[in-house]
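>>> sharing a sequence plus its predicted fold:
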Amino acid sequence: MTHSLGIVIEALVALLLIVTIGYCMLLNKRLQRLKADEQSLKATIAELITATEIAERAIGGLKHTVHDVNENLGMQIATATDLTDRLTRQLVEGDALLGRLSRIAVAARAPSAKAPAPQLVEPPPLSTAKATVAAAQAFAARRRASGIAA
């Protein structure tokens, strides 16, 4: 019986060694796949790092562009505000000038109640120079009578 007990123990040890060898082969295949995945993962990580660096540079460029645009728009807004203020002042001055011109036009149309209306008298025939002087004096007299200085 000792002889058969030794064979059974030897057979059991051999069986366990075969199972261990099979398991080691399975682990070896898994480790090889893991190493292949590791290389793939390293390549993916390298691509991500490159993409991140490119994105960081692009963001820096965008920040610079936003800063430039902000300055440019600020200057344009300030210029537009100044122009608006000038136009507003000019509109107010134009309204005031229009009011004055309207009052002058109304005063020129309305006959003055204070001054009598000039009578049209046919002057005697004069020389051309004297006729021009007489016409200018008559015009000035009419303007003074209506309240408008010549």
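Yes, it's here. Numbers count the residues shown, from 1 in each chain.

>>> what score does residue 6 have for pLDDT?
Looking at residue 6, its pLDDT stands at 88.

>>> what strand or helix carries the residue nearest the centre of the chain?
Note on the chain: the residue nearest the mean C-alpha position is residue 73, at 5.5 Å, using CA atoms, centre = their mean. In the assignment (DSSP states H and E), residue 73 maps to helix 2-109.

>>> and that helix, how far from the chain's centre?
The chain centre lies 23 Å from the centre of helix 2-109; the measure is CA atoms, centre = their mean, to the nearest Å.

>>> what is the burial count for residue 60?
Around residue 60 there are 10 other residues, counting by other CB atoms under 10 Å. (Each C-beta comes from the backbone N, C-alpha and C, glycine too.)

>>> if I look at it, how far off is residue 132?
83 Å (CB to CB, to the nearest Å).

>>> and this protein, what are its domains?
When the chain is parsed with automatic domain parsing, its domains come out as 21-110, 116-150.

>>> for those domains, which has the smallest mean pLDDT value?
domain 116-150 (a mean of 64).

>>> buried sites along stretch 88-106?
Across stretch 88-106, burial judged by 16 or more other CB atoms under 10 Å covers no residue at all.

>>> for stretch 36-45, buried residues please.
Quick answer for stretch 36-45: no buried residues (16+ other CB under 10 Å).

>>> hmm, back to that, for the residue nearest to the centre of the chain, give its distance to residue 88.
Going from residue 73 to residue 88 by CB to CB gives 22 Å.

>>> how about the CA coordinates for stretch 16-36, as PDB?
Listed next in PDB are the C-alpha coordinates belonging to stretch 16-36 (Å, rounded to 0.1, in the frame of the first residue of the first chain):
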ATOM      1  CA  LEU A  16      -1.400  20.100  -9.600                       C
ATOM      2  CA  LEU A  17       1.800  20.900 -11.600                       C
ATOM      3  CA  ILE A  18      -0.200  20.600 -14.900                       C
ATOM      4  CA  VAL A  19      -2.900  22.900 -13.600                       C
ATOM      5  CA  THR A  20      -0.300  25.400 -12.400                       C
ATOM      6  CA  ILE A  21       1.400  25.300 -15.800                       C
ATOM      7  CA  GLY A  22      -2.000  25.900 -17.500                       C
ATOM      8  CA  TYR A  23      -2.800  28.800 -15.100                       C
ATOM      9  CA  CYS A  24       0.600  30.300 -15.700                       C
ATOM     10  CA  MET A  25       0.100  30.100 -19.500                       C
ATOM     11  CA  LEU A  26      -3.300  31.900 -19.000                       C
ATOM     12  CA  LEU A  27      -1.700  34.600 -16.900                       C
ATOM     13  CA  ASN A  28       1.100  35.000 -19.400                       C
ATOM     14  CA  LYS A  29      -1.500  35.700 -22.200                       C
ATOM     15  CA  ARG A  30      -3.300  38.100 -20.000                       C
ATOM     16  CA  LEU A  31      -0.100  39.900 -19.200                       C
ATOM     17  CA  GLN A  32       0.800  40.200 -22.900                       C
ATOM     18  CA  ARG A  33      -2.600  41.700 -23.600                       C
ATOM     19  CA  LEU A  34      -2.200  44.100 -20.700                       C
ATOM     20  CA  LYS A  35       1.300  45.100 -22.100                       C
ATOM     21  CA  ALA A  36      -0.300  45.700 -25.500                       C
END
